[in-house]
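J.: give me a model of this one.
(chains A and B)
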Amino acid sequence: MTERNEGTKPTGLLDLIPEQGIVLGAPAKDWHELTEIVGGLLTGAGAAEPAYTDAMIRNVEQNGPYLVIAPGLALLHARPEEGARGPGLVLVTPESPIEFGHSTNDPVRVALGLTAVDATGHLDLLSAIGSTFTHRDAVDRIAAATTVDDLRAVIAHLTEEN
Amino acid sequence: MNEKLLVVCGTGMGSSMILKMMVDQVVGAQKLPFDVSSDLASGARSSGADVIVAGLDLAPTLTNVPATVIGIKNILDKAEIASALEEYLASKSDGED
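T.: Sure, this is the predicted structure:
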């Protein structure tokens, strides 16, 4: 993993997301389907058990759509004991914007999936999310990316602006 | 004396921790008189906090909590957080006059 960073500019958030943890333009028609796609990536990356996907869906159902943390941005996650295997982060942009039922931040155009196994092991992930998405137009620019190379360029640019 | 500020979310590990980072940055940068900690929403009632900060859509669930509850629309927007905290401090000093 360290080899990848040698001689290249750090891209922040993308260094923390595995290549197979990105889907751009995912064909999801509602928040359930979007959450299932996010959960599938976390499972595929080895960061979670399949049960974690159901737990993320329950978290939205029980605690409300508060997981839509900023305009257009959902941070989907469940609790560590609900099937997380390690700290993990994935990113999905839906083909069309998705309603979660949030009073001000709908519709969602970028969905992040997060796993953690304790209170502190994922703080670098949270900090990278925070510093990338504090830019006002971060969601617009990331939602507009159609290839992973586009996404890499956009995020590198957002990171440099900090 | 500093006000006790508690940041909460549904699970205590995702959005509340990002919100806590943002609140810490705002409080640090502007030297606001708050001691900041974070917890599950279910821990809010017994926390002894003076003020609770949560995502906007979680705030209405915090009923019967003996503290001022502030709902933040965009938890990544430091300007929104700063103005909410300043408004809270202003309302406190009005009450003392």
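J.: wait, isn't residue B:89 in contact with residue B:30?
T.: No. Using Cβ atoms under 8 Å as the test, residue B:89 is too far from residue B:30 to be in contact (10.2 Å). C-beta: built from backbone N, CA, C; applies to glycine.
J.: those two - which one has more neighbours?
T.: residue B:89 (15 against 11; other Cβ atoms under 10 Å in any protein chain shown).
J.: and the more buried one, helix, strand or coil?
T.: Secondary structure state of residue B:89, per DSSP: H, G, I helix; E, B strand; the rest coil, is helix.
J.: how about the residues of chain B near chain A?
T.: With Cβ under 8 Å from any Cβ of the partner chain as the criterion, chain B meets chain A at residues B:9-11, B:13-15, B:17-19, B:21-22, B:41, B:54-58, B:61, B:73-78.
J.: hmm, 7 Å instead?
T.: Within chain B, the positions adjacent to chain A are B:9-11, B:13-15, B:17-18, B:21-22, B:55-58, B:73-76, B:78 by Cβ under 7 Å from any Cβ of the partner chain.
J.: just the residues you listed: which are in strands?
T.: Mapping the residues of chain B next to chain A onto strands (DSSP state E) picks out B:9, B:55.
J.: pretty sure residue A:43 sits against residue A:54.
T.: No. Using Cβ atoms under 7 Å as the test, residue A:43 is too far from residue A:54 to be in contact (11.2 Å).
J.: what sits against residue A:14?
T.: A:152, A:155 (Cβ atoms under 7 Å, 6 or more residues apart in numbering or on different chains).
J.: tell me which element residue B:63 falls in.
T.: In this assignment (DSSP states H and E), residue B:63 forms part of neither any helix nor any strand.
J.: next, count neighbours for it.
T.: Using other Cβ under 10 Å, residue B:63 has 9 other residues around it.
J.: roughly how far apart are it and residue A:101?
T.: Going from residue B:63 to residue A:101 by Cβ to Cβ, to the nearest Å gives 20 Å.
J.: neighbour count winner among residue A:43 and residue A:54?
T.: residue A:43 (21 against 16).
J.: helix/strand/coil for the more buried one?
T.: From three-state DSSP, the assignment for residue A:43 is helix.
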